[in-house]
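Engineer: Task: produce atomic coordinates for the following.
(2 chains)
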Amino acid sequence: MDLTYTEEEEAFRAGLRGWLAEVLPKLPGKPSVDDWPGRRAYDTAWQRMLYDAGYGEVHWDASATRRLIFLEETEKAGAPYVGANFVGLLHAGPTIASEGSPEQRERWLPPVLRGDEVWCQGFSEPDAGSDLASLRTRAWRDGDDYVVSGSKIWTSHAEVADWCELLVRTTPVSAEVPKHRGITWLALPMDAVGITVRPLRTLAGSAEFAEVFLDEVRVPVGNRVGAENDGWRVTMVTLSFERGTAFVGEVVACRRLLGELARAARASGRWDDPVLRRGLGRLSAEFGALWRLTQWNVSEAQRTGGVPGVGGSVFKLRYSHARQELYDTAAQVLGPGALDLDEAWTRERLSSLSYTIAAGTSQIQRNIVAERILGLPKGR
Amino acid sequence: MDFQLSDDQRALRRGLRDVLEGRFGRDALRAAVDAPRLDRELWRTLGDAGFFALCLPEDAGGVGLGLPAAVLAFEEAGRVLLPGPAVATFLAAGAVEGAAGGTVVVTAVAGPFVPWLDEADVVRGDAAGAVAVRSVDPLTPLHRVREGAPVPDEETPAVLLTAAEQLGSAARTAELAVQHAREREQFGGPVGRFQAVQHLCADMLVRAELARVAVYAAAVTGDPLEASGARLLADDAAVRNARDCLQVHGGMGFTWESDVHLHLKRAWVRAGLGGGAAGAEEALAAAL
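Structural biologist: Here you go, the predicted model:
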């Protein structure tokens, strides 16, 4: 059990800190959350800066510890997060890097690293959420194209993306073909004819996602990554990729937010309430432990070469709950301000309601823990 | 950074588990419940295995390891519900003659209580005038210190070693619940196929694993605040896991014959020794 970093890792940290201190003051102001073209431009410009400084491929670094240090330091310094580059850098990119042909890697990876192209994700469907493998968007061969019809949902950045990593059904489910065997992974150009993007307004009032409707959209066969009907396996490669470091920045952010909350409580006099104060103390223990769990998971990923262990689902369950608790505690600190949408805490509290749902609901995570880790029989 | 057990640490844990399970298995546990006396022979066996001398320097006859090794050892003690003032004896090794070898049993004032006062050879702290209470835990005799007696602050190693015992108990009750859920059949199959039961078990694992990394990390850093946080999580994991384990066991869990109540009662007692949750939470809040 060693929590110290190597000299090389500390040098990486120091270099990054120095660079961040130099460039962050020169960054333009953040665009409004509703300004999608502005957000795209801001996020891709940041990726370009990282690329020019030699940090463009940091998310793909073989060393999970260096990824951890990068995410920790950028969050501490208040640097932009991946934003619109998320799918390209953390989902589609790694999938293409691992499963794509040399031509596909050459075509799609450099523009992602340079911040030239943005990807979105077309996985979930209205009737395929937690049960992703039951997706129904159909694709059939017509000459050198696939013709795709169906609809996708929860697609972030769809309005401004150049490409969509799309899961389609190429073989219907039957007695011989189980649902996860007939799926194919396609790179869909978002300017193709037959695509309609409809923004989805969240309960927080912002348009964070979109629905994507596909009406006989033609996708060249050359845009298929992996073999036909092998898309489920291809996708699983992606899903295990960021295991370990997925929430590093957010845990660091939560610890900072907790400090801000304590300062706000001291300033407003709410600090005199021992119940509230003790709640903040307990949250401090909680997020301190979640940071240690992150280090534990990263170390485990390092040892096993990225094979996901117990940690991922354990972390997700506890973190998403703790983060919601953080905002509920913030509401106690704010008092009447908790009902005021001009308070950032209030808006973030609304957004935090997605944490126990997105990327696998807490209930599905518990099923996964029970069946795959504890070895309990398939649930009912 | 490599925050995983080293091969040596795994070997240490395996060795201690073998000793403890071999020498204090379920039959010994139930015998201890029926006749709660301190088993001095067991104590000496542990002493011979180096249990109490793990952190004593090698030139003083110890094993020369640090707190991380100690928490692994006490996690194992917590798993099997080892009776006796093991934390106080461990911390007295080197200072009290015979403690390291397990031939002298040392207890200490811990919060408002002194455990095992009548059986111990040496008492650290002011236990004068302490009065016996009927302890909720059949495996931990307790005395209450007299009104107004000075209550010493719990030292960081004591905080952590008790947290490690709680962790061991929390991990064990999670295992016991899963085992029962796999074996107990109702409505034509194991009750572990019901999601309501599965989710209780999943939450138990989550509590134990979070407490684990908190305890291990605090042992590595030795930071008092981190140790307090780890203790909060470990106390919580031990008590709540024992409660959920009892629930998963259904009617059997409510019987004296089941071991589940022994974990719950010991978890309560350990949580009640020392500074308590309020002090730890206040300390953590003050540092924000």
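Engineer: What values do phi and psi take at B:V123?
Structural biologist: With angles defined as degrees, to the nearest 10, B:V123 sits at phi -120, psi 130.
Engineer: and what of A:L132?
Structural biologist: Comment: the main-chain dihedrals of A:L132 come out as phi -60, psi -40, following degrees, to the nearest 10.
Engineer: pretty sure it is touching A:Q121, no?
Structural biologist: No: distance between A:L132 and A:Q121: 11.3 Å, which falls outside the contact criterion (C-beta atoms under 8 Å). In short, each C-beta sits where N, CA and C put it, glycine included.
Engineer: Which of these two has more residues huddled nearby?
Structural biologist: Comparing A:L132 with A:Q121 by other C-beta atoms under 10 Å in any protein chain shown, the one with more neighbours is A:Q121, at 23 against 18.
Engineer: For A:Q302, see how far away the closest residue to the more buried one other than its chain neighbours is.
Structural biologist: If you skip the residues right next to it in sequence, A:Q121 has A:V87 as its closest partner in space, 4.8 Å away by C-beta to C-beta, 6 or more residues apart in numbering or on different chains. Distance of A:V87 to A:Q302, computed by C-beta to C-beta, to the nearest Å: 25 Å.
Engineer: So between those two, which is more surrounded?
Structural biologist: Set side by side, A:V87 and A:Q302 show unequal neighbour counts under other C-beta under 10 Å, the larger going to A:V87 at 26 against 19.
Engineer: Show the pLDDT at the more buried one.
Structural biologist: What the model reports as pLDDT for A:V87 is 93.
Engineer: what's the helix or strand hosting it in contact with?
Structural biologist: In the assignment (DSSP states H and E), A:V87 maps to helix A:86-87. With contacts defined as C-beta atoms under 8 Å, 6 or more residues apart in numbering or on different chains, helix A:86-87 is touched by A:118-121, A:156-157, A:161, A:165.
Engineer: 6 Å instead?
Structural biologist: A:119-121 (C-beta atoms under 6 Å, 6 or more residues apart in numbering or on different chains).
Engineer: Just send these back as a markdown table, with distance to A:A359, secondary structure and pLDDT too.
Structural biologist: Formatted as a markdown table, those follow (distance: C-beta to C-beta, whole Å; DSSP: H, G, I helix; E, B strand; the rest coil; pLDDT from 0 to 100):
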| residue | distance to A:A359 | secondary structure | pLDDT |
| --- | --- | --- | --- |
| A:W119 | 17 | strand | 97 |
| A:C120 | 15 | strand | 96 |
| A:Q121 | 11 | strand | 95 |
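Engineer: for those, which one is nearest chain B?
Structural biologist: Nearest to chain B among the contacts of helix A:86-87, counting by C-beta to the nearest C-beta, is A:Q121 at 27.0 Å.
Engineer: Contacts only, for the closest one.
Structural biologist: Listed by C-beta under 6 Å, 6+ apart, the contact partners of A:Q121 are A:87, A:91, A:165.
Engineer: Identify the bridge partners of it.
Structural biologist: Using DSSP bridges, the bridge partners assigned to A:Q121 are A:E165.
Engineer: quick revisit: going by distance to chain B, which of the contacts of A:Q121 wins?
Structural biologist: A:H91 (25.7 Å).
Engineer: Any idea how far the helix holding A:V87 is from the middle of the chain?
Structural biologist: Between the mean C-alpha point of helix A:86-87 and the mean C-alpha point of its chain there is a distance of 7 Å (C-alpha atoms, centre = their mean, to the nearest Å).
Engineer: which parts of chain A sit against chain B?
Structural biologist: Contact residues (C-beta under 6 Å from any C-beta of the partner chain) of chain A with chain B: A:1-3, A:5, A:65, A:259, A:262, A:277-278, A:280-282, A:284-285, A:288-289, A:292-293, A:295-296, A:299, A:314, A:317-318, A:366, A:369-370, A:374, A:376-377, A:379-380.
Engineer: Take these and keep only those in strands.
Structural biologist: Cross-referencing the residues of chain A next to chain B with the strands (criterion: DSSP state E) gives no overlap at all.
Engineer: Report the buried members of those.
Structural biologist: A:1, A:5, A:65, A:262, A:277-278, A:280-282, A:284-285, A:288-289, A:292-293, A:295-296, A:299, A:314, A:317-318, A:366, A:369-370, A:374, A:376-377, A:379 (16 or more other C-beta atoms under 10 Å in any protein chain shown).
Engineer: what pLDDT, on average, does stretch A:202-214 get?
Structural biologist: Throughout stretch A:202-214, pLDDT has a mean value of 92.
Engineer: Figure out the length between the terminal residues of that stretch.
Structural biologist: The straight-line separation of the ends of stretch A:202-214 (C-alpha to C-alpha, to the nearest Å) is 22 Å.
Engineer: Please enumerate the helices of the stretch 151-288 of chain B.
Structural biologist: Secondary structure of the stretch 151-288 of chain B (DSSP state H, counting those that start in this stretch): helices at B:156-183, B:195-221, B:224-249, B:260-272, B:276-286.
Engineer: How about chain A?
Structural biologist: According to DSSP state H, chain A carries its helices in the segments A:7-23, A:36-52, A:64-76, A:86-87, A:93-99, A:102-114, A:231-241, A:248-268, A:274-304, A:311-334, A:344-351, A:362-368.
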